[in-house]
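K.L.:
sequence and computational prediction follow.
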Amino acid sequence: VQLQAFGGGLVQPGGSLRLSCAASGFTLDYYTIGWFRQAPGKEREGVSCISSSDGTTYYPDSVKGRFTISRDSAKNTVYLQMHRLKPEDSAFYYCAATTGHTCTGAFVYWGQGTQVTVSS
């Protein structure tokens, strides 16, 4: 079971990025997937989640209306589309999976992250 996040990079404030979370060894549709981020000196923060049960999504207020999580079953990939990026969105972004059916449980499988830097 492996997860890999990619798609990060350097973007100007107000710009957009789309992160991808790809899996090998299992089918993402059967898992609840979360995106997390961690900036230097800060605690890890959950920024999005999509449940395996009914596709319910979750976003904290800090990203609500700017970030969108979605699945592409054919590609076994979960995306995090990020718009109107702010410097405070700069962090290392990770995707994670759990067999739980909701976004409230603990995530068991963690992928390699990708760096997002928002700067002019």
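P.N.:
Structure's in. What do you need?
K.L.:
drop to CA atoms for contacts and neighbour counts, all remaining ones
P.N.:
Noted.
K.L.:
for stretch 94-108, measure first residue to last.
P.N.:
This stretch, stretch 94-108, spans 13 Å end to end (CA to CA, to the nearest Å).
K.L.:
who touches it?
P.N.:
The contact list for stretch 94-108, computed with CA atoms under 8 Å, 6 or more residues apart in numbering, reads 3-5, 21, 28, 30-37, 49-53, 56, 58, 109-114.
K.L.:
where strands are concerned, which of those count?
P.N.:
3-5, 21, 32-37, 49-50, 58, 109-110, 114 (DSSP state E).
K.L.:
out of these, who's nearest residue 72?
P.N.:
residue 21 (10.2 Å; CA to CA).
K.L.:
which residues touch the closest one?
P.N.:
So residue 21 contacts 3-6, 77-79, 95 (CA under 8 Å, 6+ apart).
K.L.:
farthest-separated two in the residues you listed?
P.N.:
Maximum distance among the contacts of residue 21 (CA to CA): 12.6 Å, for 3 and 79.
K.L.:
local confidence estimate at the residue nearest to the spatial centre of the chain?
P.N.:
Nearest to the mean C-alpha position of the chain, counting by CA atoms, centre = their mean, stands residue 35 at 2.6 Å. Model confidence at residue 35, given as pLDDT, is 97.
K.L.:
quick one, phi psi at the nearest residue in space to it that is not next to it in sequence?
P.N.:
Once flanking residues are discounted, residue 35 sits nearest to residue 95: 4.5 Å by CA to CA, 6 or more residues apart in numbering. With angles defined as degrees, to the nearest 10, residue 95 sits at phi -110, psi 150.
K.L.:
what is the burial count for residue 95?
P.N.:
31 (other CA atoms under 10 Å).
K.L.:
for it, report the pLDDT, please.
P.N.:
On pLDDT, residue 95 comes in at 96.
K.L.:
do you know how far it is from residue 14?
P.N.:
Taken as CA to CA, the span from residue 95 to residue 14 is 23 Å.
K.L.:
equivalent analysis for residue 72, please.
P.N.:
Taken as CA to CA, the span from residue 72 to residue 14 is 26 Å.
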